[in-house]
Structures are given as C-alpha cells and as structure tokens.
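Visitor: A structural model of the following input is requested.
(chains A and B)
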Amino acid sequence: MDWLNILNLAVSEMINPISASFILCALGLSVHFGYTGLLNFGQAAFAGVGAYAMVIGILTFHLPILLALLFALACSAVFALILGIPTLRLRADYLAIVTIASAEVFRYFMTTIGFSSVTGGASGLSQFGDEFWALNPFTFSGKVGFGPFEYSARDWFIRIVAWLLIAVSAVFIWLLMRSPWGRVLKSIREDEDAVRSLGKNVFAYKLQSLIIGGGLGSLGGMVLVMNFSTVAPQNWVTTFTFQIWTVLLLGGAATILGPIVGGMVLFLLLSLTQSIMSGLVHLGWLPFLSDPQVGQIRFLLIGLALMLLVIFRPQGIFGNKKELQFNG
Amino acid sequence: MIQLSQARRFSLAIGAVFMMFGIFFGSLPAMGANEAKAATPNPAPTNISQLLIKGTVKNEGVGVAGVKFHVTGNGVDLTATSGDDGKWQLVMQEKGVYKVEIVLDSLPKGVGLRDASLTSRDADLTITDTAAVLFPLGKDIRVVQPIGDQIIIRVFAGLNLGLLLAVAAIGISLIFGTTGLNNFAHGEMVTFGALFMYLFYAVLGWPVILAAAVTIALSAVFGWSQDAAIWRPLRKRRTGLNQMMIVSIGLSIVLRYLLLLFFGGETKTINPTFESVEIGPILTTVNSLTSMGISAVALAAVALFLTRTRIGKATRAVSDNAALAASTGIDVERIIRIVWVLAGALTGLAGILYGMQFQGNWLMGFSILLLLFASVTLGGLGTALGATVGALIIGMVVEVSSLVLPTDLKYAASLIILILVLLVRPQGVLGKKQRIG
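Guide: Numbers count the residues shown, from 1 in each chain, chains lettered A, B, ... in the order given. As a prediction, the model looks like this:
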C-alpha cells in the first residue's frame, strides 16, 4: 500500500468541491436545525432546486451566470415559502416527514418525461458551465500547487470559489446569530411558547430561517453541479440529505465551525477507510469483498456514523450539549 | 462511569445485530461473490468495470427474438435487438440514468406488454454497473379499452397494492403507537423479507411454504433483535423521539447497504412463473390473487388479535396511554417486544408477497417507505385500522392516478396527498385529535 498516496488523497479530499458543497448544505441545515430546531429532512431538495434553477436559468432563459445565481436563490426562497407556509405550524416529526416527502416529489417532477424539454428528464442537463469557467483567472497549464494540493487551473478555480462561498456564508451566519434576530431564533429552539408569549411572530422567524438555510443549501447544490458539469435527478436522493445530516452532527449542530470541520473530517475519514480497505482487497486480505463493494461500505459507514453520533455524542465535535434541541 | 458502561453495553448490542447479519450471510459466500458487482459511486477514482444495460424478453417462458429497445440518456442514443433466446444488452460508457424504451412495433403479433402503461423504464447505472431492464410480455392488450374497464383495472391494481401496503404499514403504525417512534428503517424490513424469500425459494429451491415460513420467522427475529439491540436501550436512556428517528435513518442506511453488499444490486425475479387469469376486463395472475387473499387474511387476523385477545387489547391500551396502561398492571416493555416481533413478521410477509408478485432488489423497501408513511399518516398515526384504510386509499391513489397522470408521477401523487392531509387534517382520517402536538 502506498501510504503517502493514500494520505495525500485523503487530505486533498478535505477541500475538494464535493466536500465544500456538503459543507455549504450543512451550514444551511445548521441554521434550520442547529439554531432554529427545525427538523428539515429535505435539504437535498433545496440543493436540487438551486442547482436546477441555475442550470435552467442559463440554458432556457439564457441568463448571465450572476443573474442565474440570483434566480436560483430566488427559486429556493420561493420553494422555502411553498414548503414552509403550510408546514411550519406542524409538530417536528410531521415537518420531518413532509420535508422528506417534498424532496421526493421534487425529484419525481425533475425525472418525469413530461417536463424533460426543460429539465432533461432522468438523464438531466449538461453543458451549462462555459460562462462560469470563462471567469477563471488562472491560465497555467498542467498542475500547480504543493504537497497534496496539486491541481489544474480549473480545479483551483472551483475550489477557491467554493471555499470563498463557505467563508462568506460562515461569517454571514456568525453575524446573524449574534444579532437580536439570531437570539430570537435560538430562543424559538429552546421554548417556542415562551417566545410567542413575548409577542414575537414565531412563524415568521421560522420561515425566514427556512429561507436563509435553504439558500445556503442551494449554493451547495450549485457548487456540486458546476463541479460535475451535469445536473440530474438522482443527485438529490434522500441519502444526500442524510449525508448532510452526518456532516452537521459530526461537527456540532449549533455551531459555525462545526459543519465546516465536520465535513472536512468526514470526507477525510471516508477517503482514508476507503483507500485502506481497497488496498487490503488488492493485497487479498479481505477475500469476501470486491473492489466495487468497498465503495458501498462508504455509505454503510455514513449510516453507522449517523447512528452512533446521535446516540453517543449528539453535540458533535464542537457543540454544546445544552444547545441541542432535538424536540424543538 | 455509568455513562461509559452504558456506552459499552450499547456497542455490544449494536455489534450483536451485525453479528446476526454475519451469521445469516456467512452461509452464502459464493452467491455474494457472483452477484454483488455493484460499482462504487463517485468520487472514488477506481477503474470501473464494464457498464451494462441488459434484459430478457420472454413471452410465456419463451424468449422473443427481434424485439428492439431504444436506450437514451447522457448523450447516448442506441438501439438493441433481442437475440433468439430473448436476451439483449448494451454496453454504456458513462454512469448515469438511462431511459430504455421498448419499440412496440417490433413485438410479434398478438404479444403486448403485461403493463401497457410501461413502455419505458429507467436503467440506473449510478450505483451499480449492471442494470437489468425487464418488460414482462403477455397477451396484447393494446386494443383501446373503454374507460369503464380501465377504471376497473386500475382500481383492482390499487386494491392489490393497497393490501400489500397495509400489511407492511400496520407494523409502522403499531410501533409508532406503542413507542412513538417513526421508524425509517421499516422499508428495509420489507426488503429483508423479499430478499430472504429469494434466497430460500429461488436460489436454494425450497418448497414455497417452507421458504415463506422460514423467512417470516427470520423477519420476526429481525424485528425482535432491532428492539432488543437498539430501541430498548435507547428507551432506557430516555433518548428523545426525534433523536431516535434520526438513529432509525442511520440504521436504515446501514441495513440497506448491508443487504446490497450481500445480495448484490441486480433486480431479482423471485417467482418466474406467471399464470394469468382473466376476470371480466381484468387480466391478472394467480400470484396476485393469492397474494391479495393472504394479505386480507393477515389483516383480518391482526384485527381479531387487536380486538379479541388479551394481549391485543393490552397493545391498544399501551398505544392509547402507556403510563395509564402500566398502572393497570400491563407490562409495557413486554407489549412493545410483542409489537416488534409482530411488526417484523408482518412486514417480512409484505416483502414476500411484494417480491413474489413483482420483483425484488435492495432498494425496494426504501422506495415504498414514504408510501407506508403516507398510509399511516393518512389513516391516523398509531391506529392499526387507520393504517389499513390509509394504505388502501394510497394504493388506489397510486394506481388510479395513472389514468390521468404519467406513470412516472404516480408516487408523487400519493406524496402530495400525504402533504395535503397533514395540512388539512394532521390527525388523519381515523385519528383522534389529541394525537397531534
């Protein structure tokens, strides 16, 4: 086994655009669940709405990239309104079921043949990134960088954009949560009725939280599809949502560093275990496994991590147990 | 210290569940090696073996040659033609979802699709590298049917699906009623039943009754062991219900991928024989009729159990108010244990029936999980009768909606109904108002 290679791959995985998009989605979920106590099981749909809206904006409405981004954020806000206005009054577990159901409905609508002239149907859409990649200021050819971080110009560009988005979002959430508005959110998480009795419109605050967190999720979706150069319905399955939950709960729900570090650590660990296991398979030490099966174990580990985290350390790496409200 | 010992007990318990899996699957290493060829999802930079879309067209057990298939998606537009044995396949270059369409005009005269609305299917090559796409053939029913007949056909199909969903949904409902847990790992219990039936019946060739009985017994043990290993300790720790719900999501992912690891990703035909029966305009199979009969008997048995027996009455008492039930001397933990065993057995039975009628794969349970939740919620969370009514309604909605909606939206219709019901009447059709928060 080439340990240096395995380590390099794993460390590089920490900042890759896929990790970054999960981190963005998890930051959004942190606003929903960590700060407001909303059990949103449909974050995949927010990411999907953002991604599809941006791509459809570019391909169907021929919007410039920045306008397409704004259009996508607007669509995600509208989706949050449609989802939130009827459901935010429901009990937490009902909200969970409604959000997961809406995410699946969204996916069915993106898959159906009826809309495939706009959505591309089951095979999705591609070739929308030209304008985005044209913005790339780096022109060097080949790979440039140091240590594990050696990338092509294109790879550097998407990583820098993704991490700038993360930095801006993190500062944005930090500022929001130390404002009076953020304090109201946290008190809704702690005791909704008490906040209501102070004359605050709890429903409106929850709706705003849903819109903001959903917007961050849709940024994550946009980063993901720009990196893949395609958008397809099967990206937004429920497993995507629960991977985001694992990232969030690993780092710590009501924190800002939590989702960021949680995402980096999770993808580091997954890459390490996967490389080591496939190394062992090649050495013939794991005769009952084949190479493709090692990839399936990745998801098994994510599920296991989710279970164990919620049971043994629901506050994650950085969180404060007192700040954790599962029954909000 | 106490924390630590609890933690240790926990890991032991969870280990035990996996051990159980290990024992089950230890006996079929050869099968695992042959079948489990599902590829790794990105981003792992592994060499991907050949991506394949394949299928066999058969009419009454004989391969049909010369049937054309049109495969589109991911920039690909290819056509395949079935050989003399009815087999066809296409090699794909890229992962993704492809649309496979059967060219109806290439079918021999008098032969048509058994489900005329399914002229195209998706072949999902995102997770696995072989996708089998099957179009069951039968007597040509392409002649346009009068709308009345179409409605009767869809209602019949809805009744069939509804009964299946009801058998599986009662388990969710009983578990929710007695423990308050929304069990997201319930779909995997359906898959468990179907895939073990496949193992015993289709692979090992056991007689059908024996295979079904052993599968149901294993499913019951599976239900019991989930409670013993995970949920009972969590209840003892007074873990919050929403926390337990997220644990059940994790469990569902773990179980689903374990089943994938051991059974492989292909869709499995559990019961290859189809004997068709015609009742008026309805063309159905002996399998479907048998399955509907068994579901109805199982549902009636559960109803009798809940209303007539002491344990059944105690179960309803715990559902109504656990504390009050405990104070009248009912052993609540024992009732919950019985409920898990019963739920496991029933859900396993649902998996068997589903798999015998249609087909089975590692995702089947998860794909109907939301329909199950929809049924339970529609009927009123925590009431067994409600779950049955809800399941019948959802089954009808799914099948009848395909008269007006494209078939690929039929699940969406039922989920929209779920959302609307939660908004208008969150306690469900038969639920009591006090159950909602």
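
Visitor: when you work out contacts or count neighbours from here on, use the C-alpha atoms and nothing else.
Guide: Will do.

Visitor: what about the helices in chain A?
Guide: Using DSSP state H, the helices assigned to chain A run over residues A:3-14, A:17-29, A:43-59, A:65-87, A:92-111, A:116-119, A:130-134, A:153-177, A:180-190, A:192-197, A:202-228, A:238-251, A:257-283, A:291-312.

Visitor: just checking, what packs against the third one?
Guide: On a contact count with 3 or more Cα pairs under 8 Å, 6 or more residues apart in numbering or on different chains; DSSP states H and E, helix A:43-59 meets helix A:17-29, helix A:65-87, helix A:92-111, helix A:116-119, helix A:202-228, strand A:230-231, helix A:238-251.

Visitor: right, so these: which one is the most enclosed?
Guide: Neighbour counts (mean count of other Cα atoms under 10 Å in any protein chain shown) averaged over each of the helices and strands packed on helix A:43-59 peak at helix A:17-29, with a mean of 30.

Visitor: right, and B:Glu266 touches B:Leu363 too?
Guide: No: applying Cα atoms under 8 Å as the test, B:Glu266 and B:Leu363 come out as separate, 10.1 Å apart.

Visitor: put the alpha carbons of the helix or strand containing B:Arg316 into PDB.
Guide: Secondary structure assignment for B:Arg316, by DSSP states H and E: helix B:310-320. Only the C-alpha atoms of helix B:310-320 are listed here, as PDB (Å, rounded to 0.1, in the frame of the first residue of the first chain):
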ATOM      1  CA  ARG B 310     -55.900 -10.000  26.000                       C
ATOM      2  CA  ILE B 311     -52.500  -9.100  24.500                       C
ATOM      3  CA  GLY B 312     -54.100  -7.300  21.600                       C
ATOM      4  CA  LYS B 313     -56.300  -5.300  24.000                       C
ATOM      5  CA  ALA B 314     -53.200  -4.500  26.100                       C
ATOM      6  CA  THR B 315     -51.400  -3.400  22.900                       C
ATOM      7  CA  ARG B 316     -54.200  -0.900  22.200                       C
ATOM      8  CA  ALA B 317     -54.200   0.300  25.800                       C
ATOM      9  CA  VAL B 318     -50.400   1.000  25.600                       C
ATOM     10  CA  SER B 319     -51.000   2.800  22.300                       C
ATOM     11  CA  ASP B 320     -53.600   5.000  24.000                       C
END
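
Visitor: any idea how far it is from the chain center?
Guide: In terms of Cα atoms, centre = their mean, to the nearest Å, the centre of helix B:310-320 is set 27 Å apart from its chain centre.

Visitor: what helices or strands is it leaning on?
Guide: helix B:147-179, helix B:286-308, helix B:322-327, helix B:332-357.

Visitor: thinking again about what came up before, any chance of the helices of chain A in TSV, plus mean pLDDT?
Guide: Listed next are these as TSV, based on pLDDT from 0 to 100:
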stretch	mean pLDDT
helix A:3-14	88
helix A:17-29	96
helix A:43-59	96
helix A:65-87	93
helix A:92-111	89
helix A:116-119	86
helix A:130-134	90
helix A:153-177	95
helix A:180-190	93
helix A:192-197	92
helix A:202-228	96
helix A:238-251	94
helix A:257-283	91
helix A:291-312	88
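
Visitor: please tell me how far A:Gly217 sits from A:Ser116.
Guide: 24 Å (Cα to Cα, to the nearest Å).

Visitor: what residues does the stretch 101-250 of chain B have near chain A?
Guide: Residues of the stretch 101-250 of chain B lying close to chain A (Cα under 8 Å from any Cα of the partner chain) are B:122, B:182, B:234, B:239-243, B:246-250.

Visitor: name the member of these with the most neighbours.
Guide: Comparing those by number of neighbours (other Cα atoms under 10 Å in any protein chain shown), B:Gly250 comes first, having 30 neighbours.

Visitor: what helix or strand is that one located in?
Guide: Per DSSP H and E: helix B:241-263 holds B:Gly250.

Visitor: break chain B down into its domains, please.
Guide: The domain map for chain B lists B:51-143, B:149-435, with the assignment taken from automatic domain parsing.

Visitor: of those domains, which approaches A:Glu192 most closely?
Guide: domain B:149-435 (16.7 Å; Cα to Cα).

Visitor: how far away is the residue lying farthest from the centre of chain A from A:Met277?
Guide: Relative to the C-alpha centroid of chain A, counting by Cα atoms, centre = their mean, A:Gly284 is the outermost residue, at 36.1 Å. Remark: distance between A:Gly284 and A:Met277 (Cα to Cα) = 10 Å.

Visitor: check contacts around the nearest residue to A:Phe132 once chain neighbours are set aside.
Guide: Closest residue in space to A:Phe132, ignoring its immediate chain neighbours: A:Ile65 at 6.6 Å, by Cα to Cα, 6 or more residues apart in numbering or on different chains. Contact analysis of A:Ile65 by Cα atoms under 8 Å, 6 or more residues apart in numbering or on different chains lists A:54, A:58, A:131-132.

Visitor: in PyMOL, select just the buried ones from those residues.
Guide: Restricted to buried positions by 16 or more other Cα atoms under 10 Å in any protein chain shown, the PyMOL selection for these reads:
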select buried, chain A and resi 54+58
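
Visitor: tell me which two in the contacts of A:Ile65 are the farthest apart.
Guide: Within these, two members stand farthest from each other by Cα to Cα: A:Met54 and A:Glu131, at 12.3 Å.

Visitor: return the most buried member of the helices and strands packed on helix B:310-320.
Guide: Of all the helices and strands packed on helix B:310-320, as judged by average neighbours under mean count of other Cα under 10 Å, the leader is helix B:332-357 with a mean of 25.

Visitor: and the angle from that helix to helix B:147-179?
Guide: 150 degrees (axes from the mean of the first three to the mean of the last three Cα atoms, to 10 degrees).

Visitor: pLDDT score assigned to whichever residue of the stretch 101-250 of chain B sits closest to chain A?
Guide: Nearest residue of the stretch 101-250 of chain B to chain A, counting by Cα to the nearest Cα: B:Gly250, 4.2 Å away. In this model, B:Gly250 is scored at 95, pLDDT.
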